[in-house]
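Participant: Need a 3D model of the sequence below.
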Amino acid sequence: MTSQPNALEIEDLVMHFGPVRAVDGVSLTIAAGRVTALVGESGSGKSTVGRCVVRLVEPTAGVVRIAGTDVTHLSRRQLRPHRDAVSIVFQDPAASLDPRMLVGEIVAEPLRLAGRRVPRREREARVAPQLERVGLRAEVARRYPHELSGGQRQRVSIARALVSEPMLLIADEPTSALDVSVQASVLNLLADLQRDIGFACLFITHDLSAVEYLADDIAVMYLGQLVEKGSRERIFARPAHPYTQALLAAAPVADPVRQRQRQPVLLGDDLPSALDPPSGCRFRTRCPLAFDRCATEVPRQVPIGDGMAACHLVQPDGTGPDVRTADPSEVLS
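Facilitator: Numbers count the residues shown, from 1 in each chain. Below is the predicted model of the structure:
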């Protein structure tokens, strides 16, 4: 019995917008049926990675394979047969849905554009079940996007993304533009669909509570580079990189007593500019534990189980100081 190819393989991906180094050497693999969360602050380059995967922007360098096929340099015509394998859900459903099209036309559009050219009658027959699958009534197909709520529009976006039964879904901050009251329902929908259908997912977000709920694996991105990768369980229990530790320290917890007892990690200045990233370790200008070597030497990726952390202070067994508790004078003395 042959195993399925990985849903996504990214090797040394680079995306420069002129002098702006938005993505700088990212490598990432998502196995079939797995959910990997790509997390980091705004400006870290995580959304650009997703757009490179679906070829909304052309990478400067590197390789992107979807379901085992290198799609990096395919022409638009060559790419068409592979479009069914990957879909994307954008952050703002109001901006990603054509206001001139009926919802039914929007949901069926990927089938019309697909390499296999699904006949019109079959396309129309698949709209109602697809809407019901995402919790919408079939009659919504005859309405326009502006007649729906934000949560309903995002459900339409998800229905459109999954109608062609892709192997890989890119979910780019799918709840951040929604009211807090509907964010949980959309996350629950994504989790249910992923469990039932079994698609792989690159879940791009800054919401660590959503990551803990939905993801199997986590990749942490800072200023265009990955600084840590690993299973959700390992990273939440034993984060190795100081930046990952700081992100977890900043994430609120449900228990009010624990929340009051937590000590914030002060990261100093704002995220540096991708026009002129710091030398050596890019996180060093904000890291409470940075020392001389951090300014002159790029950290190597230290293997930790099936993941890694790129930090001079991380040991081969994955241990190292924790910025949430460590005294920098003791660590660096």
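Participant: now the helices: where do they sit in this structure?
Facilitator: Using DSSP state H, the helices of the chain run over 46-53, 76-79, 93-96, 103-113, 120-133, 150-162, 180-197, 208-214, 232-237, 242-250, 256-261, 292-296, 328-331.
Participant: for those helices, which one sits closest to R142?
Facilitator: helix 103-113 (6.6 Å; CB to CB). (Glycine included, C-beta is placed from N, CA and C.)
Participant: elements contacting the closest one?
Facilitator: helix 120-133, helix 150-162 (3 or more CB pairs under 8 Å, 6 or more residues apart in numbering; DSSP states H and E).
Participant: Please identify the most buried of those helices.
Facilitator: Most buried of those by mean neighbour count (mean count of other CB atoms under 10 Å) is helix 150-162; its value is a mean of 24.
Participant: which helices and strands sit right next to it?
Facilitator: Helix 150-162 packs on strand 86-89, helix 93-96, helix 103-113, helix 120-133, helix 180-197, going by 3+ CB pairs under 8 Å, 6+ apart.
Participant: who wins for proximity to F236 among those?
Facilitator: Nearest of the helices and strands packed on helix 150-162 (CB to CB): helix 180-197, 17.0 Å.
Participant: Output the closest one as PDB, restricted to C-alpha atoms.
Facilitator: Taking Å, rounded to 0.1, in the frame of the first residue of the first chain, the C-alpha atoms of helix 180-197 are listed here in PDB:
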ATOM      1  CA  VAL A 180     -15.800  37.800  18.700                       C
ATOM      2  CA  SER A 181     -19.300  36.300  19.100                       C
ATOM      3  CA  VAL A 182     -19.000  34.400  15.800                       C
ATOM      4  CA  GLN A 183     -15.300  33.600  15.800                       C
ATOM      5  CA  ALA A 184     -15.800  30.400  17.800                       C
ATOM      6  CA  SER A 185     -18.600  29.100  15.600                       C
ATOM      7  CA  VAL A 186     -16.400  29.500  12.500                       C
ATOM      8  CA  LEU A 187     -13.400  27.800  14.200                       C
ATOM      9  CA  ASN A 188     -15.700  24.900  15.300                       C
ATOM     10  CA  LEU A 189     -16.900  24.600  11.700                       C
ATOM     11  CA  LEU A 190     -13.400  24.400  10.300                       C
ATOM     12  CA  ALA A 191     -12.500  21.800  13.000                       C
ATOM     13  CA  ASP A 192     -15.600  19.700  12.100                       C
ATOM     14  CA  LEU A 193     -15.000  19.900   8.400                       C
ATOM     15  CA  GLN A 194     -11.300  19.000   8.700                       C
ATOM     16  CA  ARG A 195     -12.100  16.000  10.900                       C
ATOM     17  CA  ASP A 196     -14.900  14.800   8.500                       C
ATOM     18  CA  ILE A 197     -13.100  15.500   5.200                       C
END
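Participant: From I304, how far off is D317?
Facilitator: 8 Å (CB to CB, to the nearest Å).
Participant: out of the helices and strands packed on helix 103-113, which comes closest to P99?
Facilitator: Checking these against P99 by CB to CB gives helix 150-162 as the closest, at 10.5 Å.
Participant: pretty sure D179 contacts G151?
Facilitator: Yes - with contact defined as CB atoms under 8 Å, D179 reaches G151; the gap is 7.4 Å.
Participant: For V89, which of the helices and strands packed on helix 103-113 is the nearest?
Facilitator: The nearest among those, by CB to CB, is helix 150-162 at 5.0 Å.
Participant: Export that closest one to CSV, keeping only CA atoms.
Facilitator: Presented in CSV, the C-alpha positions along helix 150-162 are these (Å, rounded to 0.1, in the frame of the first residue of the first chain):
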residue,chain,number,x,y,z
GLY,A,150,-19.9,38.6,8.3
GLY,A,151,-20.0,35.1,9.8
GLN,A,152,-22.3,33.9,7.0
ARG,A,153,-20.0,35.4,4.3
GLN,A,154,-17.0,33.5,5.8
ARG,A,155,-19.1,30.3,5.7
VAL,A,156,-19.7,31.0,2.0
SER,A,157,-15.9,31.5,1.6
ILE,A,158,-15.3,28.1,3.2
ALA,A,159,-17.9,26.4,1.1
ARG,A,160,-16.3,27.8,-2.0
ALA,A,161,-12.8,26.8,-0.9
LEU,A,162,-13.9,23.2,-0.2
